[in-house]
Each structure stands twice: as structure tokens, then as C-alpha cells.
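sequence-free structure coming up:
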């Protein structure tokens, strides 16, 4: 596998990433890899999948959305990252990454998204109907679920109503970029990102009937089906959808990376007639 660090321009912050391709066989297709919330192109699935996928002859683009990590800086002390993430920017970032691949001859890549990246992959594939396959790795449901997520000890937790009111007041006062501490992951958010998170996310189950390409939906057995609704998506999908529950596996696939990579590669190999030989 060979790797090139790349940059994709946007109308604000550039997107950093890595383009991986096989060095011992022809390129037979391409993959877009969407990272999970507060993650990036060099951790999690965008890191552990490319070695397995390039063995199938697939070139892989892993990239940061503008909402990567929690907070970061780049060439100044101005903050960026997932604390400031907005849904419309994330959707646009995915579109720009697809355009970057199309400019290099890959106009219908496979799409693979983990967690929040999986949720975002669903509207992306609806907008790109030539997508040959979609892989959802523990994709959450999206929509207005964050109050429910708070009830299981994430996001704003037991302070959801209080922090929601604080965020609404800051946005109304024109101070939407101000940061608010959260009691749980992801620990800090801007006021406008908080409001966006609870009002603007697509709901994957509503979009599922518009997904007609083959889908693989993976969930670890330690993850709640209510938040990662593989079976409900399967029931509503507009095309074939396979569900795989990985044993002894959490949301981040810790210690099960090889098993998940092998599962995804085998499924793509079967669906697309690819071989690692």
C-alpha cells in the first residue's frame, strides 16, 4: 500500500487526509472513508481498513471533515474541530471529498462510514445514487436523538435541558461560537453546534428507503440496537441490506479491528467480485 497526504479546499478550512492505493496490483475501484464523531482520518476505521481494502485493489480516501477531533489548531491559535461542527458543513465536506476522487477518475466510490460518519454516509449516498455499495459501521440513527443519548450518559447527560437553554440564549444573543462545557463526551461544544446537533441531523431510517445499493450494516454486540439500529435500517432499506453483529465488540472495535476489516473486505469481495489474489 502506498500513501499520499492530501488537502481538499473548502470555502473555510481545508480538509486534510490520506489517499491510499495498492502498490502491487491495478486499482479496481475506490472507497470514501467517513470518520466517527470527534475522530479523524488516522484513527479508527479510516486507519485500520485501508490495508485490507487495498489488497482488493481499492484506492481509499480517508479525510478529516471540518468537525474532526474535539478541538485543534493548524496555522494559528484559532480553534477548529468537532466542537464547532455543523451538519451542513459535514455534508458539504463529504461532497467535496467525492469530487476530489471524481477528478482523479473515481466518480462512483464505495462509501464506508463509522458512527457519525455512517449517519452522514446515508444522505451522501442518497445524493450519489451511482454508489456501488455502502458500509455502515455502527452508524447512529441521527435525527433528534441527542436528548435520548444524554439519558445514557453521553453528550449533555442529566443537564440536557439546562445546557440547551444556555445554548439557545447564546445563539439568540449572537454568541453562537462561544464554547460550553459538557459533562460527558464530547466534553465541549459551541452553542450553535449544540443547537445544530439537536435540530439538523438527518434521520437515517427515514432515508433508508432511498438507499438502493447493497448495504452492509455492522454493529458490535456491546452496542445498544436502539442507538445503532441495524435491523430497523435493514427492514426499511430500498435494496439488499446485510446485518452483521460482531461478537465481543464495542463501538470503537477495540481489539476487534482485524475481524471487522476482514468482514468488510469479504463482503465487498463477494458483492463486487473482487479478489485479494
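Received the coordinates, thanks. Note that this is a predicted model, so its numbers are computed, not measured. Numbers count the residues shown, from 1 in each chain.

Could you use CA atoms for every contact and neighbour count after this?
Will do.

Would you mind listing where this structure has pLDDT under the threshold?
Applying pLDDT under 70 to the chain flags residues 146-147, 151.

Strands of this protein, start to end?
2-8, 15-21, 29-34, 58-63, 110-114, 134-137, 179-181, 188-190, 215-220, 241-246 (DSSP state E).

Tell me the buried residues in the last one?
What it means is strand 241-246. Under the neighbour-count criterion of 16 or more other Cα atoms under 10 Å, strand 241-246 has 241, 244, 246 buried.

Pull the residues that contact that strand.
Applying Cα atoms under 8 Å, 6 or more residues apart in numbering, the contact partners of strand 241-246 are 214-221, 230-231, 234, 260.

Could you double-check that residue 227 lies in contact with residue 140?
Yes - between residue 227 and residue 140 there is a contact under Cα atoms under 8 Å: 5.6 Å.

if you count what's nearby, which of those two comes out ahead?
Set side by side, residue 227 and residue 140 show more neighbours around residue 140, with 24 against 15, by other Cα atoms under 10 Å.

how about the more buried one, what does it touch?
Residues in contact with residue 140 (Cα under 8 Å, 6+ apart) are 115-116, 118-119, 227-229.

just to revisit the earlier point, take the buried residues of strand 241-246 and lay them out in TSV including distance to residue 100.
Output for the buried residues of strand 241-246, formatted as TSV (distance: Cα to Cα, whole Å):
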residue	distance to residue 100
241	28
244	31
246	33
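
which of those residues lies closest to residue 207?
Nearest to residue 207 among the buried residues of strand 241-246 is residue 241, at 13.8 Å by Cα to Cα.

what's the spacing between the residue nearest to that closest one when sequence neighbours are not counted and residue 221?
Nearest residue to residue 241 in three dimensions, chain neighbours excluded: residue 215, at 4.5 Å (Cα to Cα, 6 or more residues apart in numbering). Using Cα to Cα, to the nearest Å, residue 215 is found at 19 Å from residue 221.

Also residue 136?
In this view, residue 136 and residue 221 are 15 Å apart by Cα to Cα.

Quick check: the farthest pair among the contacts of strand 241-246?
214 and 221, at 22.3 Å, using Cα to Cα across these.

So for the two, which sits in the more crowded spot?
Per other Cα under 10 Å, whichever of residue 214 and residue 221 has more neighbours is residue 214, with 18 against 15.

pretty sure that one is in contact with residue 240, am I right?
Yes - the pair residue 214 / residue 240 is scored as a contact, 5.0 Å apart, by Cα under 8 Å.

circling back to that earlier point, now the buried members of the contacts of strand 241-246.
Buried, going by 16+ other Cα under 10 Å: 214-220, 230-231, 234, 260, out of these.

List just the nearest of those residues to residue 111.
Closest approach between the buried ones among the contacts of strand 241-246 and residue 111, by Cα to Cα: residue 215, at 9.7 Å.

does the closest one have beta-bridge partners, and which?
Going by DSSP bridges, residue 215 is paired in beta bridges with residue 134, residue 241.

residues in contact with it?
133-136, 239-242.

Kindly reformat the residues you listed as JSON lines containing distance to residue 61.
Shown next, in JSON lines, are those (distance: Cα to Cα, whole Å):
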{"residue": "133", "distance to residue 61": "15"}
{"residue": "134", "distance to residue 61": "15"}
{"residue": "135", "distance to residue 61": "15"}
{"residue": "136", "distance to residue 61": "16"}
{"residue": "239", "distance to residue 61": "25"}
{"residue": "240", "distance to residue 61": "25"}
{"residue": "241", "distance to residue 61": "24"}
{"residue": "242", "distance to residue 61": "24"}
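
so which pair among the residues you listed is furthest apart in space?
136 and 239 (14.2 Å).

In terms of neighbours, single out the busier of these two.
Under the criterion of other Cα under 10 Å, the comparison of residue 136 against residue 239 puts residue 136 first, with 28 against 15.

Identify, from the contacts of residue 215, the entry nearest to residue 102.
For the contacts of residue 215, the nearest to residue 102 is residue 133 (16.3 Å; Cα to Cα).

The closest one reaches residue 111, doesn't it?
Yes - between residue 133 and residue 111 there is a contact at 6.5 Å, judged by Cα under 8 Å.
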